[in-house]
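pasting a predicted model and its sequence here:
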Amino acid sequence: MDFEAARASLIEHLRREIRDERVLGVMERIPRERFVPSESRYQAYEDRPLPIGEGQTISQPFIVALMTQEMELVAGQRVLELGTGSGYQVAVLAELAGHVVSVERLPKLAHRARQILDELGYTNIEIHLAEKAMGWPAAAPYEAIMVTAGAPKIPQELLDQLAMGGRLVIPVGSRYEQELVKVTKRQDRDLVEKLGACRFVPLIGDGAWEEE
Ligand code: SAH
C-alpha cells in the first residue's frame with residue numbers, strides 16, 4: 001500500500017475544513033500507520049477512529065486536526081495532553097510546541113506509545129502513567145492542555161494547571177457523546193467556546209467517570 005499517497009489525499013480532504021496549514025503540514029509528515037495495530041494499517045488514512053487495543057481508540061484525523069488547531073500553539077510552548085493512547089496526537093503536538101507532557105492510565109498503551117515515539121526520534125515528549133491527581137500538576141503551568149477522552153464536566157484541576165491566557169480543549173458530555181469545548185483562561189471570566197459534537201472514550205478518574 002502507498003501510505004504517502006493515502007496520507008496526501010487525507011490531508012486534501014481535511015483542508016476543506018481545517019484552516020491552519022501548519023497543522024496540516026505536520027499531519028502530512030507523521031506516519032499514522034505506525035500508531036495503529038498492523039491489522040488495521042490499510043485503514044490508517046481513512047478519516048475515522050480505529051481501535052488500538054485495551055478498549056481504546058486513536059482519534060479520527062479530522063478531530064486531531066481540529067483540536068490541534070484550537071490549541072493555537074506557538075513554537076516553544078509547554079503543552080499537556082491527557083490520554084496518550086497510541087501516541088499519535090502527542091507526535092502532532094510535539095511538532096508544533098516546545099515540550100509536551102502526556103499522561104496515560106493504561107501502562108500497556110503508554111509503553112507502546114513511548115516505543116514508537118522513540119523510534120521516530122522525538123526528544124521533546126514526556127509520557128507519564130496517570131496518578132490520582134488529574135493531569136500532571138508537577139510540571140504546570142501549561143500554555144495549552146488537550147484532553148482526548150470525554151469528561152462529564154470541565155475539571156477544575158486542569159484549569160488550575162493552565163497558564164493565564166492558555167487554552168484547554170476537551171470533550172464534555174455524557175459517557176457516549178460529547179461536545180468539543182475550548183476554554184481560554186482569563187483574569188476576569190474564562191472564555192468558553194463550543195466547537196461541535198464528538199465521540200470519545202470516557203476520561204476515567206476522580207472528577208470524571210468511573211471505570212466500567
Ligand atoms: N490521544 C490518543 C487517543 C486516546 S484515547 C491518540 O492519539 O491515540 C483516550 C485515552 O485516554 C485512552 O488511552 C485512556 O486509557 C486514556 N485515559 C482515560 N482516562 C485518563 C486519565 N484520567 N488520565 C490519563 N489518561 C486517561
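That came through, no problem.

give me the mean pLDDT for the helix or strand containing Val23.
If you go by DSSP states H and E, Val23 is part of helix 21-29. In this model, helix 21-29 has a mean pLDDT of 98.

show me what the strand ranked longest in the chain is in contact with.
Counting by DSSP state E, the longest strand found in the chain is strand 162-173. Contacts to strand 162-173, defined as C-beta atoms under 8 Å, 6 or more residues apart in numbering, come from residues 67, 70-72, 140-147, 149-154, 158-159, 178-187, 195, 198, 200. (Glycine included, C-beta is placed from N, CA and C.)

whichever helix or strand comes after that strand and the ligand, are they touching?
Past strand 162-173, heading to the C-terminal end, the next element that is a helix or strand (DSSP H and E) is strand 178-184. No. With C-beta under 6 Å from any ligand atom as the threshold, strand 178-184 lies outside contact range of the ligand, at a closest distance of 12.3 Å.

report the angle between the helix or strand following strand 178-184 and strand 178-184.
Counting by DSSP H and E, the next helix or strand C-terminal to strand 178-184 is strand 191-198. Relative orientation of strand 191-198 versus strand 178-184 (axes from the mean of the first three to the mean of the last three C-alpha atoms, to 10 degrees): 160 degrees.

the helix holding Val23: which residues count as buried?
Using 16 or more other C-beta atoms under 10 Å as the test for burial, helix 21-29 gives Val23, Leu24, Val26, Met27.

tell me, which of those make contact with the ligand?
Residues shared between the buried residues of helix 21-29 and the neighbourhood of the ligand: none [C-beta under 6 Å from any ligand atom].

near the ligand, which residues of the chain are found?
Taking C-beta under 6 Å from any ligand atom as the criterion, the chain approaches the ligand at residues 56-59, 82-83, 85-86, 88-89, 103-106, 109, 130, 134, 148-149, 201, 203-205.

switch to 8 Å and redo it
If contact is defined as C-beta under 8 Å from any ligand atom, the residues of the chain in contact with the ligand are 35, 52, 54, 56-59, 64, 81-90, 102-106, 109, 113, 130, 134-135, 148-149, 200-205, 208.

start to end distance for stretch 183-190?
Using C-alpha to C-alpha, to the nearest Å, the end-to-end distance of stretch 183-190 comes out at 7 Å.

mean confidence (pLDDT) on it, please.
For stretch 183-190, the mean pLDDT works out to 97.
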